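*Asks:* coordinates only, sequence not included:
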């Protein structure tokens, strides 16, 4: 095989890989949002390693840094608790020119509820110039942790003790289910999250879904002010039908919603300021990736665009191309010489599997990071790596020295003995198949917050299908 043929094949494989990485990552322009700033964003300043579940809270300095970073982009913040170190938010927000919608977290822990309500009342009365409204409870009826009567009891206590408007927050349908709550609040706080709807919609249809839901509530409770307390889109995690997660989709959603809010006169709060890794324990990967900023405080996109889905794609393209070249070189140099057609088939297969593997590694790095998740990712990546090697080695042997259409493979009983790598590859395929079955069952019976690792299973699916096609092509 001539050198120019080898170089031409490698160039074509590289160009195909370049297209695979570059086309989904073309810059998407966005027009500047009206008003320049977002009205409000949900503010939970937990960083990696911090969590309300472990009672590890951010420091005053960290909260101050976060509010300073948000101030140029937003006019206000919404908290979900008046404890857990967030008692300092109103004072720091005043320093940065931010308004605060202060919340009290209600749950089935009645003793904790008392502390939340007491802190909320105290802060509202101490900072009436900063705390412009308060919210007593967040989706506690949705979680079925309190009764409507208990919730209204807390609301009434706060209303009697503060001067700010008082509300309760829940998904919009729950206001229709418990309309009696409306007579106890000064305004309704509704959550409009098309991603989580029972019938999810894509970003293009999300605005009409939000408009329709908002108008339903407005018609059911005429004259009652409404705050869209949560709306947003996740950037990582499992897609739900038409609701596809991703950075560009989030940017389009936020940009489109701000325009809709301007047209309709919505008061709103976007969820959320920063990615919250601790939420992955409760809501899977998707729960930790609703932020406008990453957990390390990097802005995901500019409100005025352009937006790129994965800004690291040139690096990933280089890594996947380099890995493919190493695999092709190692496979080509072993065994009998390959024809041009066989070399091309091997080169494109190696490139495709390398690209899928790099996608899988990238996904693992941006998924959940609890010990059990890390261990599972390591097992999956190891199994796919072994299977990739085994498939490529088997493909090399299947291609042989005469290309795809020459000597047929020997019957099963006459095939050469499997190499050690191919034997281990069979075991890896069995492990992946078993994990795929178990994972599928978990999705069926407990799938709301569970990811499905598409990239892990796309690699063996493509590799084994390609290997089967190569073997079939050589049969008489």
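*Replies:* Thanks, I have the structure now. Only a predicted model underlies this, so the values are computations on that prediction, with no experimental measurement involved. Residues are numbered from 1 along each chain as shown.
*Asks:* CA only for contacts and neighbour counts going forward, please
*Replies:* Noted.
*Asks:* Check which helices and strands the longest strand seen in the chain sits against.
*Replies:* Across the chain, the strand with the greatest residue count (assigned by DSSP state E) is strand 131-138. Judged by 3 or more CA pairs under 8 Å, 6 or more residues apart in numbering; DSSP states H and E, strand 131-138 is in contact with strand 99-104, helix 110-126, helix 148-161, strand 166-171.
*Asks:* Helix 148-161 and the second one, what's the angle between them?
*Replies:* Here the directions of helix 110-126 and helix 148-161 differ by 30 degrees (axes from the mean of the first three to the mean of the last three CA atoms, to 10 degrees).
*Asks:* What are the contacting residues of helix 110-126?
*Replies:* 81-83, 87, 90, 102-107, 131, 134, 136, 154, 158, 161-164 (CA atoms under 8 Å, 6 or more residues apart in numbering).
*Asks:* What's the mean pLDDT across it?
*Replies:* The pLDDT scores in helix 110-126 average 98.
*Asks:* And stretch 424-435, by the same measure?
*Replies:* 82.
*Asks:* Around residue 17, count how many other residues there are.
*Replies:* Neighbourhood size, residue 17 [other CA atoms under 10 Å]: 20.
*Asks:* hang on, it in a strand?
*Replies:* No - Residue 17 sits outside any strand when classified using DSSP: H, G, I helix; E, B strand; the rest coil, being helix.
*Asks:* hang on, isn't it packed against residue 318?
*Replies:* No - judged on CA atoms under 8 Å, residue 17 makes no contact with residue 318 at a distance of 9.5 Å.
*Asks:* where does the longest strand of the chain sit relative to the chain's centre, distance-wise?
*Replies:* Relative to the centre of its chain, strand 131-138 is centred 28 Å away, using CA atoms, centre = their mean, to the nearest Å.
*Asks:* same check, this time on stretch 172-187
*Replies:* The answer for stretch 172-187 is 30 Å, by CA atoms, centre = their mean.
*Asks:* center of this protein, which residue is that?
*Replies:* residue 236 (1.6 Å; CA atoms, centre = their mean).
*Asks:* what's that one in contact with, if anything?
*Replies:* Neighbouring residues of residue 236 by CA under 8 Å, 6+ apart: 245, 246, 247, 285, 286, 289, 366, 367.
*Asks:* What residues sit buried inside the top helix by length along the chain?
*Replies:* Ranked by residue count under DSSP state H, the longest helix found in the chain is helix 371-399. The neighbour-count check on helix 371-399 (16 or more other CA atoms under 10 Å) flags 377, 380-381, 383-399 as buried.
*Asks:* same question, stretch 341-358
*Replies:* Under 16+ other CA under 10 Å, the buried positions of stretch 341-358 are 342-358.
*Asks:* what pLDDT, on average, does it get?
*Replies:* 93.
*Asks:* Now the closest residue to residue 127 other than its chain neighbours. Its backbone dihedrals?
*Replies:* The shortest distance from residue 127 to any non-neighbouring residue, by CA to CA, 6 or more residues apart in numbering, is to residue 90 (6.6 Å). Backbone torsions for residue 90, taken as degrees, to the nearest 10, come to phi -60, psi -40.
*Asks:* And the helices and strands packed on strand 131-138: which comes nearest residue 39?
*Replies:* In terms of CA to CA, the element of these nearest to residue 39 is strand 99-104, at 9.4 Å.
*Asks:* how far is that closest one from where the chain is centred?
*Replies:* That offset, for strand 99-104, works out to 26 Å (CA atoms, centre = their mean).
*Asks:* Count the residues that sit near residue 204.
*Replies:* 14.
*Asks:* Residue 438 now?
*Replies:* 12.
*Asks:* Look up how far residue 458 lies from it.
*Replies:* 16 Å (CA to CA, to the nearest Å).
*Asks:* Do a quick rundown of the strands in the stretch 251-400 of the chain.
*Replies:* 267-268 (DSSP state E, counting those that start in this stretch).
*Asks:* Low-confidence ranges, it, go.
*Replies:* By pLDDT under 70, the low-scoring segments of the stretch 251-400 of the chain are 367-369, 400.
*Asks:* quick revisit: could you export the helices and strands packed on strand 131-138 as CSV, including mean neighbour count and distance to residue 12?
*Replies:* Conversion of the helices and strands packed on strand 131-138 to CSV gives the following (neighbours: other CA atoms under 10 Å; distance: least, CA to CA, whole Å):
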stretch, mean neighbour count, distance to residue 12
strand 99-104, 26, 56
helix 110-126, 18, 63
helix 148-161, 16, 65
strand 166-171, 24, 51
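*Asks:* Out of these, which is closest to residue 55?
*Replies:* helix 110-126 (13.4 Å).
*Asks:* Quick one: residues contacting residue 242.
*Replies:* 200, 201, 202 are the contacts of residue 242 under CA under 8 Å, 6+ apart.
*Asks:* my bad, should have said residue 58
*Replies:* So residue 58 contacts 45, 46, 47, 50, 85 (CA under 8 Å, 6+ apart).
*Asks:* Repeat that for residue 22.
*Replies:* 313, 314.
*Asks:* next one: the helix or strand where it lies to chain centre, how far?
*Replies:* According to DSSP states H and E, residue 22 maps onto helix 3-22. Relative to its chain's centre, helix 3-22 lies at 32 Å (CA atoms, centre = their mean).
*Asks:* my guess is residue 396 meets residue 331, correct?
*Replies:* Yes - look at residue 396 against residue 331 with CA under 8 Å: they come within range, at 6.7 Å.
*Asks:* Just the helices from the chain, written as ranges.
*Replies:* For the chain, the helices defined by DSSP H occupy 3-22, 60-70, 89-95, 110-126, 148-161, 172-177, 203-220, 247-264, 280-287, 313-333, 340-365, 371-399, 420-446, 454-473.
*Asks:* All set now, cheers.
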